[in-house]
Structure formats: structure tokens, C-alpha cells
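J.: Make a model of this:
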Amino acid sequence: MNETPIRLTEWSEGSGCGCKIAPAILDQILSSSNSFSQSDSNLLVGNSGKDDAAVYQVSEDIALVNTVDFFTPIVDDPFDFGQIAAANAISDVYAMGGKPLFANAILSWPVEKLAPELAAKVMEGAKSICSKAGIELAGGHSIAAKDPIFGLSVNGIVHPRKIKTNQGAKEGDLIFLTKPLGIGVLATALKRQKIQDQDYEKLVNTACQLNKIGAVLGNHEEVHAMTDVTGFGLLGHLIEMAEGAGLSAELAIGQLPLIEGIQDYIDQFIFPDNTYRNWNAYNTKTEGVKGMDLVKLCDPQTSGGLLIAVSPENQTWFEDTLKQANQEAWQIGSFTPKQEFTVKVS
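T.: The predicted structure is shown next:
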């Protein structure tokens, strides 16, 4: 008799970065806690700016970048789960303009119900992505618990004067996105066993793509700000960028890149429940969203692309730099002076 295949996504209510704590609740937790009060002048980037990683200066030319990111299974295959979780965690260093150096694993595993061999495959997937990033998976920490969870703590370096935060955008900057949207939609289709084989391949390929271009762009002052798009969706992370810079943003809905085929799933109302959570958190700051376009804007991404602010006079240089690196990017809007609404969609 053939055994029923293990489906890792059955072990969690949410999946990937879609299982993040809701923005409003997270703000409540952080605002009512003194845990992140910071006075060390060498801590160049801490929690105050909602950035992707912490940055600590250790010398005139070197600052350490540290991040930690983990989540419940977004796919059923353990190797693919490890790959996606690793790419997602490493992305935080790239988003700061940094170069990753090494990583440690974070593993929670229900050892009495899921075979240790499956956890080993998760680790193998993570190591394969670390190798592509040119770093070592150096060690880590594990616990036995009821939910499978995996991620990495990643350490990197950046020049103290070349850090890219999510707050540096300037009025008139163009907004670029380096990956198409729809990872959350496809992950939900998988969880509901509605996904087509070719779409599963698109999900894995998109989520496993490393945001290496961030380390390249970190060396160029023409790039004013960067962040990666994860659990709060494109809209949430764009609002963080705009508010951090004291600006608003205009977004062209027709220019948003989408993973081919996701509209078919949206038309069947297949998308994460946390899409609505994101919309509820950000709709009062947004103008012009029509109908189901909110799904494209608020779909929780796992290992999504980079959002990049570039001065318009440097657009040609920017596009040439990405072309040389074989990196796609789509211009999706621009930053404007502060308006009543943080984001205007047209």
C-alpha cells in the first residue's frame, strides 16, 4: 500500500511571510514595549525605521548587517521549503545594500510526527541557496515543537556610508520592482490543491531568485532607498518607504508585474486570507484602488523582489546596470510630495 505523501502546508494555518503578525498588532506590540529603546551610537539602523535588518558599525569602513527571518511551510516539498526560506532571509541583507557572509539556521520540528529526514531535506535546500549566495550555512539552533518552522539568521557587511534604508527616497524618485507579484496567490492555490504544475514551478523559481542586485546597488548613491516586498504586500512596504521619507507615492496599477497566470486564481477567489488583513491595515492611506486590484497590491509575498527608489536623471544608468547584471525590473510609479493619501493608485 502506498503511503499518503506528507503535505507540509497542512501543518500551518498561514504560510511563508503570510503568517506575519498583522501590521496593526505589531505596531501595538512595539509601541508599548521599551525593549527596543536604543542609545548606542554605533547602532546605525535599529528598529525605529521598520527596516529589513539591523546595522552596527565596527570600524570606519565596515558595518555588520544582521537579520533573522523564519516562517511556517509555504510549499509541501521540504527541499523547496528550505530554498525559499533561505532566499527570503538572505534578501534582507541585500535590501540594505549589503554583502551576506554566513548564516545560521533556525529549525522547529515536530519530530514525533514528521520524519527527521524531511527536516534534513529542508536543511539541504537552505544550503543550496546559501551556496548560490556564496556563503556558508555555519550552524544554528533547533527545537522540538508542534509546528514546522524554518529560517535563517544572516550576517553580512556594508560600508557605513553606503547603507540603503527604506527611508531615503526623495521627491520625484522613480519606483522600481525587481520581481513579479503573485507568490502568495500561488502558495494559496497550492495549499488548496488547486495549483497547476507549471504554476508551482513559477512559484518556486520566483521565490528562490536571489536579490543579489541589492549588493551591487549598495555601492551607488544614485539609488536612494531599497526594501524587499514580503508579508505586508507591495502596498504595505511602499507605504513604509513613503512615510519613512515624509513623502507620498503614485502607483500605476497597469504597470505592476504579475506572475503569469495568477489572474485565473484571483478570479476564483484563490488568494491568502491575510490579503484582506493587509488591506484593512492600509486602505485608509490609499486612494484609487478598484475592485479586486487590492489582491495584487496586498498579496503577502514570500521572498519577493526589491522596491528601489532611483532619481529620474539616473534612470538610464540604472536600467543599464540591471541589464549588465541580467536583472529584470519594472518601473511602477514615483514618489511625490506628501499628500492626503500616502499612496495614490491610477
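J.: mind listing the helices for this protein?
T.: Under the criterion DSSP state H, helices of the chain are mapped to 23-31, 78-95, 116-132, 183-191, 197-208, 213-217, 233-245, 262-267, 274-282, 293-298, 315-324.
J.: In JSON lines: the ones you listed, plus mean neighbour count.
T.: No exception for glycine: its C-beta is placed from N, CA and C like everyone else's. Converted to JSON lines, these look like this (neighbours: other C-beta atoms under 10 Å):
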{"stretch": "helix 23-31", "mean neighbour count": "13"}
{"stretch": "helix 78-95", "mean neighbour count": "28"}
{"stretch": "helix 116-132", "mean neighbour count": "18"}
{"stretch": "helix 183-191", "mean neighbour count": "27"}
{"stretch": "helix 197-208", "mean neighbour count": "17"}
{"stretch": "helix 213-217", "mean neighbour count": "23"}
{"stretch": "helix 233-245", "mean neighbour count": "24"}
{"stretch": "helix 262-267", "mean neighbour count": "17"}
{"stretch": "helix 274-282", "mean neighbour count": "21"}
{"stretch": "helix 293-298", "mean neighbour count": "23"}
{"stretch": "helix 315-324", "mean neighbour count": "14"}
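J.: Which one of those lies nearest to Thr9?
T.: helix 183-191 (4.7 Å; C-beta to C-beta).
J.: Report the inter-axis angle for that closest one versus helix 233-245.
T.: Per axes from the mean of the first three to the mean of the last three C-alpha atoms, to 10 degrees, the angle that helix 183-191 makes with helix 233-245 is 150 degrees.
J.: how far off helix 197-208 does helix 183-191 point, in degrees?
T.: Using the same axes, to 10 degrees: helix 183-191 against helix 197-208 is 140 degrees.
J.: and the gap between Lys99 and Asp197?
T.: 36 Å (C-beta to C-beta, to the nearest Å).
J.: Likewise for Gly49?
T.: 41 Å.
J.: Ok, Phe269 next?
T.: The value you get for Phe269 to Asp197, if C-beta to C-beta is used, is 22 Å.
J.: cool, Gly231 as well?
T.: According to C-beta to C-beta, Gly231 and Asp197 sit 26 Å apart.
J.: Over to Gln57?
T.: Taking C-beta to C-beta, one finds Gln57 at 48 Å from Asp197.
J.: mind giving me the domain ranges of the protein?
T.: 8-158, 174-345 (automatic domain parsing).
J.: gap between the last one and the chain center?
T.: Distance, stretch centre to chain centre, for domain 174-345: 9 Å (C-alpha atoms, centre = their mean, to the nearest Å).
J.: and what of the shortest one?
T.: Here domain 8-158 is found 11 Å from its chain centre; the criterion is C-alpha atoms, centre = their mean.
J.: Can you measure across that domain, start residue to end residue?
T.: With C-alpha to C-alpha, to the nearest Å applied, domain 8-158 spans 36 Å between its terminal residues.
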